[in-house]
Each structure stands twice: as structure tokens, then as C-alpha cells.
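okay, structure incoming, though there's no sequence with it:
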């Protein structure tokens with residue numbers, strides 16, 4: 001597993017890349033929520049009151065392989081708790097994380 005610090009507007013977050021065979025599991029976690037690749041079940045996290053959203057790759061990329069890919073990616077789903085914090089479908093991963 002690789003961990004890196006991600007500088008957001010006004011705070012730092014923790015970025016994680018976990019290699020799983022041919023793919024990576026990628027997420028960035030703030031003090032109030034997280035944005036992850038498409039492998040995350042944000043609806044399950046809603047049941048725990050945890051704000052979460054997932055991204056799809058930007059442009060012609062086929063997958064989210066790195067924290068940078070996640071930050072550039074487009075939000076494709078968010079649970080109610082993330083939406084209440086201003087996360088919307090179509091914004092970038094970085095924009096969503098700035099709201100969490």
C-alpha cells in the first residue's frame with residue numbers, strides 16, 4: 001500500500017493506493033469523508049453516516065490508477081451525506097474533496 005499526503009484547500013488529506021493484482025484500489029480520505037475509485041460502495045458507507053463519493057476516470061483514461069487520477073476524475077456517484085456537503089455528480093474528485 002502506498003500512502004501520500006494530498007494538499008486541499010485549507011487542509012491536508014490522506015491518499016491511498018492499494019495494488020490488487022491488475023488494478024489499484026484508490027481513495028483520498030479527509031477528516032470528514034472520502035472520495036474513492038469505482039470499487040467503493042458509497043451507499044454502504046451512507047448507512048454509517050459517512051460522506052463518500054466515487055469517481056470515474058477523466059477523458060480517455062480507462063481506470064483510476066493513482067491519487068492524481070482520482071483528483072482529476074469526475075464524480076459519478078455520491079451518498080446523501082456527501083451531497084449534503086455540496087458534492088455533486090460531474091465535479092472533479094478534487095472539488096468534491098474540498099467540500100469534505
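Structure's in. What do you need? Every value quoted in this text rests on a predicted model; they were computed, and no experiment measured them.

quick check: residue 18 is in a strand.
Yes. Under DSSP: H, G, I helix; E, B strand; the rest coil, residue 18 falls within a strand.

helix/strand/coil for the nearest residue to it once chain neighbours are set aside?
Take residue 18 and drop its neighbours on the chain: the residue closest to it by C-beta to C-beta, 6 or more residues apart in numbering is residue 25, 4.2 Å away. Where you see a C-beta, it was placed from the backbone N, CA and C, and this is true even at glycine. Following three-state DSSP, residue 25 is assigned to strand.

residue 25 contacts residue 17, doesn't it?
Yes. With contact defined as C-beta atoms under 8 Å, residue 25 reaches residue 17; the gap is 7.5 Å.

now the residue nearest to residue 18: how far from residue 52?
Between residue 25 and residue 52 the computed distance is 14 Å (C-beta to C-beta, to the nearest Å).

between residue 25 and residue 17, tell me which one has more neighbours.
Remark: of residue 25 and residue 17, residue 17 carries more neighbours, 19 against 15, as counted by other C-beta atoms under 10 Å.

that one bridge partners, please.
Beta-bridge partners recorded for residue 17 (DSSP bridges): residue 2, residue 26.

give me the distance between it and residue 85.
Separation of residue 17 from residue 85 (C-beta to C-beta): 24 Å.

quick one: terminal-to-terminal distance for stretch 1-18?
5 Å (C-alpha to C-alpha, to the nearest Å).
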